[in-house]
Every structure is written in C-alpha cells, then in structure tokens.
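next one to model:
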Amino acid sequence: MQLEKQDRVNLWDIREAAREIAGFVRGVKFEEFEKNKILRYAVERQLHVIGEIAAHISPQFREKHPEVDWHSLSTLRRFLALQYGDTVIRRVWLAATEGLPEMLVPLEKLISE
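Numbers count the residues shown, from 1 in each chain. The predicted structure is shown next:
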C-alpha cells in the first residue's frame with residue numbers, strides 16, 4: 001500500500017520521537033527519572049511531539065488503519081498541557097515505558113510496508 005507522502009513523513013517522525021524516548025529511559029529506574037528534571041523534560045517534549053504529529057495524520061489513513069490507537073497518540077499533547085505535579089511524572093513514565101512501546105507496534109508495521 002502506498003501512503004500519502006505526508007502521512008509517511010509523519011509516521012517516520014513519530015517513530016523517531018519514540019526511539020528518542022526509548023533511548024532516554026533505557027536502563028533508568030522510576031526513582032532516577034523522578035529526580036532528573038532534564039530527563040523528564042526531554043521525555044515530555046518527545047511525547048508532545050508525538051501527540052502533535054499524530055494529530056496531523058490524515059483522517060483517511062486513520063480510517064484505513066484502526067489497529068493504531070490514533071486517539072491516544074494524538075491526545076498526548078493535550079494531556080501534557082493540562083497536567084502538572086507529581087501525578088504527571090508517574091503518568092509520563094508509564095506512557096514512555098509501557099504505553100508508547102505497545103502503541104507503536106502496529107505503527108512500525110505500517111512504516112515497513
């Protein structure tokens with residue numbers, strides 16, 4: 001299947017931001033993440049990027065590929081903008097270490113098509 005050029009670019013950018021996050025948190029325990037403001041901000045920024053880019057995937061492509069949780073990806077930016085404090089630190093950690101890797105499995109398959 002041939003993707004629209006912009007959708008292909010967007011998928012690639014989402015994957016790259018996710019890989020950045022994976023590299024940031026590799027080998028890091030939550031306690032270290034919680035104390036390291038620079039690391040937290042780096043992860044938050046990349047989650048923000050993913051949310052912004054996901055919101056620009058074409059509706060036609062989203063409809064053709066319901067296996068990707070587009071809604072969760074595209075609401076990352078809004079979540080980060082509206083949350084703050086200790087609760088957001090744990091939720092960002094869970095998004096980076098559990099939610100995002102799981103959501104990106106079907107996306108990786110689309111990129112390799």
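
which residues touch Ile57?
Residues in contact with Ile57 (CB atoms under 8 Å, 6 or more residues apart in numbering) are Asp7, Asn10, Leu11, Trp70, Ser74. To be clear about C-beta, it is placed using only N, CA and C from the backbone, and glycine gets the same treatment.

ok, now with 6 Å
When contacts are counted by CB atoms under 6 Å, 6 or more residues apart in numbering, Ile57 is found next to Asp7, Asn10.

how many residues are close by Phe33?
20 (other CB atoms under 10 Å).

how much space separates Phe61 from Leu80?
Counting by CB to CB, to the nearest Å, the gap from Phe61 to Leu80 is 24 Å.

can you tell me the closest non-neighbouring residue to Phe61?
In this structure, Phe61 finds its nearest non-sequential neighbour in Asp7, 4.7 Å apart by CB to CB, 6 or more residues apart in numbering.

helix or strand right after the helix or strand encompassing the one you found?
With elements taken from DSSP states H and E, the one containing Asp7 is helix 5-25. Scanning forward in sequence from helix 5-25 by DSSP H and E, the next helix or strand is helix 30-35.

list the buried ones in whatever helix or strand comes next after that next one?
Sequence-wise, the next helix or strand downstream of helix 30-35 (DSSP H and E) is helix 37-54. Using 16 or more other CB atoms under 10 Å as the test for burial, helix 37-54 gives 39-40, 42-44, 46-54.

the helix holding Asp7 vs helix 37-54, what angle?
Using axes from the mean of the first three to the mean of the last three CA atoms, to 10 degrees, the interaxial angle of helix 5-25 with respect to helix 37-54 works out to 160 degrees.

any idea of the mean pLDDT for helix 5-25?
Averaging the model's pLDDT scores along helix 5-25 yields 93.

I'd like to know which elements the helix or strand of the chain with the lowest mean pLDDT is packed against.
Every helix and strand of the chain was ranked by mean pLDDT, DSSP states H and E. The lowest is helix 76-82, at a mean of 74. On a contact count with 3 or more CB pairs under 6 Å, 6 or more residues apart in numbering; DSSP states H and E, helix 76-82 meets helix 37-54.
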